[in-house]
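Peer 1: below: sequence and its predicted model.
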Amino acid sequence: MLYDHFVNLEAVTPGEYKKQAGGVTIKYGVHTTPFGGVFIALTPRGVCEFSFMDNEGVVSHLNDLIKKWPIAEIEEDAKSTFDVVQSIFSDDVESDRPLSLHVVGTNFQVSVWRALLQIPHGKVVSYGQVAESIGRPGSSRAVGKNPIAFVIPCHRVIQQSGKLGGYRWGETKKYAIHAWESAKYEE
């Protein structure tokens, strides 16, 4: 399961960004999870996209992927992506290597995503606490889109008041994920 993994987050370098992913092959697939369908894409260095598929079709997710990786070769390969999704959600899958993430983002976004990865399972923090943890206390809402849903746990960030707050995939899904994690990681 994801929580038995060490997660390795690696950002695209400025040189790689300038090449717009030329020479990179990205494999993608669509799979079912406890929280609905997901779109997942993998570069040879790790998961580069993981998003819930609420009302959008695969074409919408592919278009988003192409915007981030404009000249990469993109191919459907659900067999390759299935094992990664299984390792994230299944109690029956064990892994002897880290789950690698390969993201495109600004230095600020990457620092936020790294901070989110430090939030313990089944726990929540406020937006302000995340901003403080990266040394940017005035930037509590300037996080940007998280390219790796669930794995980079932005669902664990709540409002200072204790309310769930917004979530890219809706408050209902955020609540369901919180309940699932709380049940798995009760103290």
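Peer 2: Received the coordinates, thanks. Numbers count the residues shown, from 1 in each chain.
Peer 1: list the buried residues in the lengthiest helix in the chain.
Peer 2: Criterion DSSP state H: the longest helix present in the chain is helix 171-184. For helix 171-184, a neighbour-count test (16 or more other CB atoms under 10 Å) marks 173-174, 176-178, 181 as buried. Just so you know, the C-beta spots here come from the backbone N, C-alpha and C atoms, and that holds for glycine as well.
Peer 1: reformat those as JSON lines; add pLDDT and distance to Asp77.
Peer 2: Converted to JSON lines, the buried residues of helix 171-184 look like this (pLDDT from 0 to 100; distance: CB to CB, whole Å):
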{"residue": "Lys173", "pLDDT": "93", "distance to Asp77": "26"}
{"residue": "Lys174", "pLDDT": "92", "distance to Asp77": "30"}
{"residue": "Ala176", "pLDDT": "93", "distance to Asp77": "28"}
{"residue": "Ile177", "pLDDT": "93", "distance to Asp77": "27"}
{"residue": "His178", "pLDDT": "90", "distance to Asp77": "32"}
{"residue": "Glu181", "pLDDT": "88", "distance to Asp77": "29"}
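Peer 1: tell me how this structure divides into domains.
Peer 2: According to automatic domain parsing, the chain comprises the domains 2-103, 107-184.
Peer 1: pLDDT weak spots in the chain?
Peer 2: Residue ranges of the chain with pLDDT under 70: 1-5, 20-21, 91-97, 140-144, 186-187.
Peer 1: if the residue nearest the centre of it is in a bridge, with which residues?
Peer 2: With distances taken as CA atoms, centre = their mean, Ile148 lies nearest the centre of the chain, 1.6 Å away. Ile148 forms beta bridges with Phe50, as assigned by DSSP bridges.
Peer 1: report the separation between it and Val24.
Peer 2: Here Ile148 is placed at a distance of 17 Å from Val24 (CB to CB, to the nearest Å).
Peer 1: centre of the chain to the longest helix of the chain, how far?
Peer 2: Relative to its chain's centre, helix 171-184 lies at 16 Å (CA atoms, centre = their mean, to the nearest Å).
Peer 1: which residues touch that helix?
Peer 2: For helix 171-184, the surrounding residues in contact (CB atoms under 8 Å, 6 or more residues apart in numbering) are 3, 34-36, 52, 54, 121-122, 124, 150, 155-156, 164-165, 167.
Peer 1: and if we set it to 6 Å?
Peer 2: The list of residues contacting helix 171-184 from outside it, by CB atoms under 6 Å, 6 or more residues apart in numbering, reads 35, 121-122, 155, 164, 167.
Peer 1: with just CA atoms, put it into CSV.
Peer 2: Listed next in CSV are the C-alpha coordinates belonging to helix 171-184 (Å, rounded to 0.1, in the frame of the first residue of the first chain):
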residue,chain,number,x,y,z
GLU,A,171,-15.4,18.2,-0.8
THR,A,172,-17.3,14.9,-0.9
LYS,A,173,-14.2,13.1,-2.2
LYS,A,174,-12.0,14.9,0.3
TYR,A,175,-14.3,13.8,3.1
ALA,A,176,-14.3,10.2,1.8
ILE,A,177,-10.5,10.1,1.7
HIS,A,178,-10.3,11.5,5.2
ALA,A,179,-12.7,8.9,6.5
TRP,A,180,-10.8,6.1,4.7
GLU,A,181,-7.4,7.3,6.1
SER,A,182,-8.8,7.8,9.6
ALA,A,183,-10.1,4.2,9.6
LYS,A,184,-6.8,2.8,8.4
